[in-house]
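Undergrad: Quick check, what structure comes out for this input:
(one chain, ligands or ions: 1)
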Amino acid sequence: MTSRPLRIGVLALQGDVREHVAALTTLGVDAVTVRREPELETCDGLVLPGGESTTIGRLARQFEMLGPLRAYVAAGRPVLGTCAGMVLLADRVLDGTPAQLDGSETLGGLDVTVRRNAFGRQVDSFETTLALSGVEVAVPAVFIRAPWVESVGPQVEVLARVEADPSYGEAAGRIVAVRQGALMATSFHPEIGGDPRVHRLFVESVRARRSS
Ligand code: GLN
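TA: Residues are numbered from 1 along each chain as shown. This next block holds a predicted model:
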């Protein structure tokens with residue numbers, strides 16, 4: 001029996017949408033942009049791209065997408081949040097805007113505390129490689145004014161940390177990739193750099209859920 005290809009949406013309000021669509025397409029899934037609830041409902045999984053979390057949150061409110069997106073998360077459907085997307089998924093945000101601190105323009109669902117623009121206080125953008133749980137060879141990781149995860153709840157699996165090397169200063173050892181149930185989030189931008197393995201990890205989890 002052949003089943004239809006997985007359909008994975010990329011929330012297309014602002015941010016690096018095209019790069020995620022391209023990365024997902026190379027993995028053979030049907031990658032579509034999502035702006036409205038009916039589009040969201042057809043997706044087996046969703047990517048929240050990097051960009052500017054305040055802008056994406058505000059546009060999601062204006063497009064009346066906050067409710068549908070929160071319901072999607074609450075229903076246990078798979079979501080990958082990258083950079084700004086990680087801020088949107090976090091239950092608690094430090095150094096956010098008032099609408100992020102009170103959760104009125106975020107989605108939540110991921111039991112983590114993230115610090116917004118955390119790396120930006122010392123280095124705006126940098127590239128490194130990370131050992132990622134579930135992936136054999138270290139992956140390239142591009143950080144652009146990225147959040148880091150300050151603390152995680154008991155259900156959260158840590159997938160990657162910045163190397164605990166003093167040359168990283170305050171960033172050394174910080175958590176930068178996590179998973180909780182169907183939710184995954186990275187501080188970095190897996191859609192930049194041409195390495196599809198983070199997307200593959202997500203796509204595999206979406207596929208496993210669809211067939212279970
Ligand atoms: N600093 C941005 C924010 O808080 C995230 C940056 C990014 O996604 N590259 O939304």
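
Undergrad: For Phe202, pull up the helix or strand it's in.
TA: helix 197-211 (DSSP states H and E).

Undergrad: Flag every residue of the protein that's near the ligand.
TA: With Cβ under 6 Å from any ligand atom as the criterion, the chain meets the ligand at residues Gly50, Gly51, Glu52, Ser53, Cys83, Ala84, Val87, Arg116, Asn117, Ile144, Arg145. The way it works is simple: take the backbone N, C-alpha and C, and place the C-beta from them, glycine included.

Undergrad: change it to 8 Å
TA: Selection of the chain residues close to the ligand by Cβ under 8 Å from any ligand atom yields 15-16, 49-56, 82-85, 87, 96, 116-117, 120, 143-147, 189.

Undergrad: Could I have the PyMOL command that selects the buried members from the residues you listed?
TA: Buried residues among the residues of the chain next to the ligand (16 or more other Cβ atoms under 10 Å), as a PyMOL selection:
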select buried, resi 15+16+49+50+51+53+54+56+82+83+84+85+87+96+116+117+120+143+144+145+146+147+189
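
Undergrad: Narrow the residues of the chain next to the ligand to those in helices?
TA: Members of these lying in helices (criterion: DSSP state H): Ser53, Thr54, Thr55, Ile56, Ala84, Gly85, Val87.

Undergrad: who's in contact with the fourth one?
TA: Residues near Ile56 by Cβ atoms under 8 Å, 6 or more residues apart in numbering: Leu11, Leu13, Gln14, Gly15, Leu48, Pro49, Ala84, Gly85, Leu88.

Undergrad: Turn those into JSON lines, including pLDDT and distance to Val178.
TA: Output for those, formatted as JSON lines (pLDDT from 0 to 100; distance: Cβ to Cβ, whole Å):
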{"residue": "Leu11", "pLDDT": "98", "distance to Val178": "19"}
{"residue": "Leu13", "pLDDT": "98", "distance to Val178": "23"}
{"residue": "Gln14", "pLDDT": "97", "distance to Val178": "23"}
{"residue": "Gly15", "pLDDT": "96", "distance to Val178": "20"}
{"residue": "Leu48", "pLDDT": "98", "distance to Val178": "14"}
{"residue": "Pro49", "pLDDT": "98", "distance to Val178": "17"}
{"residue": "Ala84", "pLDDT": "98", "distance to Val178": "15"}
{"residue": "Gly85", "pLDDT": "98", "distance to Val178": "12"}
{"residue": "Leu88", "pLDDT": "98", "distance to Val178": "14"}
